[in-house]
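In: Provided below are the primary sequence and the corresponding predicted coordinates.
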Amino acid sequence: MKKIGLVALFALLLAGCDDGGEKKAQENLRKAEAALEKENFNEAKLQIDSIRILYPKAFEARKQGVKLMQQVDLKEQQKSLVYLDSMMVVKQAQLDSVKGNFVLEKDTAYQEVGNYFYPTQTVEKNVGRSFLRGQVNEQGEMSLTSIYCAGGTLHHTAVKVSAGDTFAETPASKDSYETTDLGRAIEKADYKMGEDGGVIAFIVANKDKNIQVQFIGDRTYKTAMQPNDRKAIAELTELARILSGMEQIRKDKKEANLKIEFVTRKMQEQKEEK
């Protein structure tokens, strides 16, 4: 009986000492709070997550961890917004410094997004010319259009550009069309950047070299790419980089604001439950 009593007493002492890891979990919380104070958000999240993994029975610490995680998420997104705003200022300054070099064509009656062209490549300045024309929409999406009107029909759907022994070739265009103007056949085919077989990048890399353009259809037609056309594609590529960067910032800001809205709402709901 005496031995049984000692075992029972020992079990009770162990039970009293077993707090589910609350003390150790509280130490992780303190580390998380310190990391949050220093805006080390990843470390704060790591410390909070470790409580759930290492001390699943530390219910009080886990409850506090949920609230602390909300503070981490909120402050992280708030800091992200400050950074994104500063980056937008930089991008806007870059845009302001170059957008005067381009022509923006936009009919607000039916277009929500306009397109930038290089002045030497506008339609009215290139009647009857076969060439590659670049354009960038206001969201930073760039595309290339091959325009053929050198007589007869090719039914072309691709182009190949070459400089010396190197070349790039588009896949077949997903958007090609043919028309006539005063009896002259006009063919056009569009190629989006990223779906152009590297033709745009090739032109930019070889903008100071002589580039030959080959229209590929039922037969082929070759012509030399004029210096102004090479310059146009190169400068439009830089414009696309700026505009697409701005568009990405807008998307990131929208996402950050949605996260802030969600966390704020959850925090308010928890207050109302008390």
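Out: Received it, and whenever you're ready, just let me know what you need.
In: From the contact counts, what lies against the longest helix seen in the chain?
Out: Among the elements of the chain assigned as helix by DSSP state H, the one spanning the most residues is helix 227-273. Counting contacts by 3 or more C-beta pairs under 8 Å, 6 or more residues apart in numbering; DSSP states H and E, helix 227-273 packs against helix 59-98, strand 115-117, strand 131-137, strand 142-148, helix 199-205. Placement of C-beta: from N, CA and C, glycine included.
In: Between strand 142-148 and that helix, find me the angle.
Out: 150 degrees (axes from the mean of the first three to the mean of the last three C-alpha atoms, to 10 degrees).
In: and of the helices and strands packed on helix 227-273, who's closest to residue 160?
Out: Residue 160 lies closest to helix 199-205 among the helices and strands packed on helix 227-273, at 8.1 Å (C-beta to C-beta).
In: contacts for the closest one?
Out: Residues from elsewhere that reach helix 199-205, judged by C-beta atoms under 8 Å, 6 or more residues apart in numbering: 132, 134, 142, 144, 159, 161, 163, 166-170, 191, 193, 211, 225, 230, 233-234, 237.
In: let's go with 10 Å and repeat that
Out: 132, 134, 142-144, 146, 158-163, 166-171, 191-194, 196, 198, 209, 211, 213, 225, 229-238, 240 (C-beta atoms under 10 Å, 6 or more residues apart in numbering).
In: Which helix or strand in the chain has the lowest average pLDDT?
Out: Ranked by mean pLDDT, DSSP states H and E, the weakest helix or strand in the chain is helix 2-17, scoring a mean of 43.
In: Past that helix, which element shows up next along the chain?
Out: Counting by DSSP states H and E, the next helix or strand C-terminal to helix 2-17 is helix 22-37.
In: and that following helix, average pLDDT?
Out: Helix 22-37 shows a mean pLDDT of 96.
In: Against which helices or strands is that helix packed?
Out: Counting contacts by 3 or more C-beta pairs under 10 Å, 6 or more residues apart in numbering; DSSP states H and E, helix 22-37 packs against helix 41-54, helix 59-98.
In: Remind me what the longest one packs against, helices and strands.
Out: For helix 59-98, the elements it packs on are helix 22-37, helix 41-54, helix 227-273, judged by 3+ C-beta pairs under 10 Å, 6+ apart.
In: Tell me the buried residues in the second one?
Out: Taking 16 or more other C-beta atoms under 10 Å as the basis for neighbour counts, the residues of helix 41-54 that come out buried are 41, 43, 44, 45, 47, 48, 50, 51, 52.
In: The last one touches residue 65, doesn't it?
Out: This points to residue 52. Yes. Assessed by C-beta atoms under 10 Å, residue 52 is found in contact with residue 65 at 7.1 Å.
In: I'd like the distance between the closest residue to residue 44 other than its chain neighbours and residue 256.
Out: Setting aside the residues directly before and after it, residue 44 is nearest to residue 35 in space (C-beta to C-beta, 6 or more residues apart in numbering), at 4.0 Å. Taking C-beta to C-beta, to the nearest Å as the measure, residue 35 falls 20 Å from residue 256.
In: same thing with residue 147?
Out: In this view, residue 147 and residue 256 are 42 Å apart by C-beta to C-beta.
In: Now do the domain split for this protein, please.
Out: Domain assignment for the chain by the TED database gives 22-96, 114-243.
In: what about the first one, how long is it end to end?
Out: From the first residue to the last, domain 22-96 extends over 57 Å; the measure is C-alpha to C-alpha, to the nearest Å.
In: Where does the prediction get shaky in the stretch 1-150 of the chain?
Out: Residues of the stretch 1-150 of the chain that meet the criterion pLDDT under 70 lie in 1-18.
In: re earlier: in JSON lines, list the helices and strands packed on helix 59-98 along with distance to residue 152.
Out: Below are the helices and strands packed on helix 59-98 laid out as JSON lines (distance: least, C-beta to C-beta, whole Å):
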{"stretch": "helix 22-37", "distance to residue 152": "71"}
{"stretch": "helix 41-54", "distance to residue 152": "64"}
{"stretch": "helix 227-273", "distance to residue 152": "22"}
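In: Among those helices, which comes closest to residue 70?
Out: Closest of the helices and strands packed on helix 59-98 to residue 70 is helix 227-273, at 5.3 Å (criterion: C-beta to C-beta).
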